[in-house]
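Undergrad: Below is the sequence, then the predicted model.
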Amino acid sequence: MAKLEFLNHLRTARNLFAHGVRADNSTWLSPSVVRGFSEQDFPELPPDQRQALQQSVRKFSEAAGRVGHEESASPEERDEGVAAFQQMLSILGPYLQTAAEAELTRQVLKSIRFPEPVVTWEYRLGEDSTGKPAVWVWVIVDDAAAERPDFFETTQKIRDAIHVALGQAGIERWPYVRFRGAREQVQL
């Protein structure tokens, strides 16, 4: 849970920083941004990246800790905080979805020529149960599709097409592909 808390704080700070809320340093240059961080929560990162992440969190925390709640950061504190913050974002980019990534995923899925039983699809970006970046794709098929003798073959081809298309687009999130009948989708 601490990993998700940390990523949520970082995502919020990144959005505030990216949208120009830089004048009020307390919104993004705050020790609370790195609350919940633990290097052990990222065993999937290579050791050098885990070490760099640990150092950037420490530097960010130190810079943020020197800024009082009622005052703005000095230019030096701000620069130090920005450098550490950008390093964290660089390392953890795949964990922090952006509107551009969501749009790219939508465009990639839209470009796939799905076979006839596919009515539509939906998707969601997030982290899976292990905290790794993922994309869930629900492929909505006509209700009679499951009765077809080649349904299993068709679903495997669809899964493969989604994996290949996302990979070719440089989307590093693991795709979880699920199938639903149109009637089931309406009920949801």
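TA: Sure thing, it's come through.
Undergrad: For residue 118, which residues are in contact?
TA: If you count contacts by C-beta atoms under 8 Å, 6 or more residues apart in numbering, residue 118 has them with 139, 140, 141, 158. From N, CA and C alone the C-beta is placed, and that goes for glycine too.
Undergrad: can you rerun that using 6 Å?
TA: 139, 141 (C-beta atoms under 6 Å, 6 or more residues apart in numbering).
Undergrad: tell me the SS of the residue lying farthest from the centre of the chain?
TA: Residue farthest from the centre of the chain, counting by C-alpha atoms, centre = their mean, is residue 149 at 37.0 Å. Three-state assignment for residue 149 (DSSP: H, G, I helix; E, B strand; the rest coil): coil.
Undergrad: cool, the one 5 residues further on as well?
TA: The three-state label given to residue 154 by three-state DSSP is helix.
Undergrad: re earlier: residue 105 versus the residue farthest from the centre of the chain, what's the distance?
TA: Separation of residue 149 from residue 105 (C-beta to C-beta, to the nearest Å) stands at 32 Å.
Undergrad: With residue 157 instead?
TA: Residue 157 is 20 Å from residue 105, by C-beta to C-beta.
Undergrad: more crowded one of these two?
TA: Legend: neighbour count by other C-beta atoms under 10 Å for residue 157 and residue 105, higher for residue 105 (22 against 13).
Undergrad: Contact partners for the more buried one?
TA: residue 135.
Undergrad: quick one, domains of the protein?
TA: The chain breaks down into these domains under automatic domain parsing: 2-95, 99-187.
Undergrad: Can you list phi and psi of residue 132 for me?
TA: Residue 132 has phi and psi values of phi -90, psi 150 when expressed as degrees, to the nearest 10.
Undergrad: ok, now residue 139?
TA: Per-residue torsions, residue 139: phi -100, psi 120 (degrees, to the nearest 10).
Undergrad: Isn't it up against residue 179?
TA: Yes - applying C-beta atoms under 6 Å, one finds residue 139 in contact with residue 179, separated by 5.1 Å.
Undergrad: which of the two has more neighbours?
TA: Counted by other C-beta under 10 Å, residue 139 and residue 179 do not tie: residue 139 has more neighbours, with 24 against 20.
Undergrad: Give me the below-cutoff pLDDT ranges for the protein.
TA: Residue ranges of the chain with pLDDT under 70: 1, 18-27, 68-72, 185-188.
Undergrad: in it, which spans are helices?
TA: Here the chain has its helices, by DSSP state H, at 2-18, 47-65, 75-92, 99-111, 151-168, 182-187.
Undergrad: Okay, residue 117 and residue 143: tell me how far apart.
TA: To residue 143, residue 117 is 9 Å away according to C-beta to C-beta.
Undergrad: Compare neighbour counts for the two and give me the winner.
TA: The residue with more neighbours, out of residue 117 and residue 143, is residue 117; 22 against 14, by other C-beta under 10 Å.
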